[in-house]
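> coordinates only, sequence not included:
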């Protein structure tokens with residue numbers, strides 16, 4: 001099983017830093033892995049949900065220099081003795097992803113963000129929401145589905 005969290009961000013105004021610097025800052029501030037990825041690796045994203053040439057295309061992972069989100073979108077609470085270097089409760093791990101998404105909107109003038117929580121790059125649903133409702137929308141979807149929910153969240157700025 002390979003859980004992944006690929007996505008892209010469209011900017012209302014391009015940031016004054018390179019995309020590489022931006023993902024480095026996100027990785028350093030979140031403690032999660034955040035890396036650039038090629039847009040061609042947004043497997044199973046519908047044509048209506050592909051990035052522009054200027055978009056930041058990224059992958060979120062459990063740890064820096066990793067490519068998988070095995071623990072982040074697992075859905076299980078781990079035993080207290082588990083050594084995963086992430087919060088043991090599933091909801092707390094989701095919180096890390098939500099904080100990362102919110103920081104993109106708050107700090108980098110994002111107009112739209114599409115991010116998928118998937119197993120083996122499968123996409124079963126596209127869920128549209130606004131920035132103000134992103135937390136509620138993602139949590140409800142994750143809590144009502146087997147994790148990962150294999151959904152793309154299409155989030156527009158308020």
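In hand now; what should we look at? The model shown is predicted, which means the values in this text are computed figures rather than measured ones. Residues are numbered from 1 along each chain as shown.
> Need the nearest residue in space to residue 48, chain neighbours excluded.
Leaving aside its chain neighbours, residue 48 sits nearest to residue 126 (8.0 Å; criterion: C-beta to C-beta, 6 or more residues apart in numbering). Any C-beta I mention is one placed from the backbone N, CA and C, and that applies to glycine too.
> tell me the SS of the one you found?
Recorded secondary structure, residue 126: strand (DSSP: H, G, I helix; E, B strand; the rest coil).
> go on, residue 23?
With three-state DSSP as the basis, residue 23 sits in helix.
> From residue 60, how far out is the residue nearest to it when sequence neighbours are not counted?
Spatial nearest neighbour of residue 23, chain neighbours left out: residue 34 (4.7 Å); criterion: C-beta to C-beta, 6+ apart. As judged by C-beta to C-beta, to the nearest Å, residue 34 and residue 60 stand 6 Å apart.
> what's the answer for residue 126, then?
18 Å.
> Looking at the two, which is more packed in?
Each of residue 126 and residue 60 has its neighbours counted (other C-beta atoms under 10 Å); residue 60 has more, 26 against 15.
> quick one, phi/psi of that one?
For residue 60, the backbone dihedrals (degrees, to the nearest 10) come out as phi -100, psi 140.
> With residue 16 instead?
Note on residue 16: backbone dihedrals following degrees, to the nearest 10 are phi -80, psi 0.
> Can you show me the helices along the chain?
Remark: helices assigned in the chain by DSSP state H are 19-30, 90-108, 134-144.
> Compare the ones you listed and report which one is nearest to residue 46.
helix 134-144 (17.2 Å; C-beta to C-beta).
> Can you name every helix or strand that the closest one contacts?
Where contact means 3 or more C-beta pairs under 8 Å, 6 or more residues apart in numbering; DSSP states H and E, helix 134-144 is packed against helix 90-108, strand 125-130, strand 151-156.
> ok, now with 10 Å
Under the contact criterion of 3 or more C-beta pairs under 10 Å, 6 or more residues apart in numbering; DSSP states H and E, helix 134-144 touches helix 90-108, strand 110-119, strand 125-130, strand 151-156.
> Identify whichever of the helices of the chain lies nearest to residue 115.
With distances scored as C-beta to C-beta, the stretch of the helices of the chain nearest to residue 115 is helix 90-108 (6.6 Å).
> The closest one: which residues count as buried?
Residues of helix 90-108 classed as buried: 90, 93, 94, 96, 97, 100, 101, 104, 105, 108 (neighbour count, 16 or more other C-beta atoms under 10 Å).
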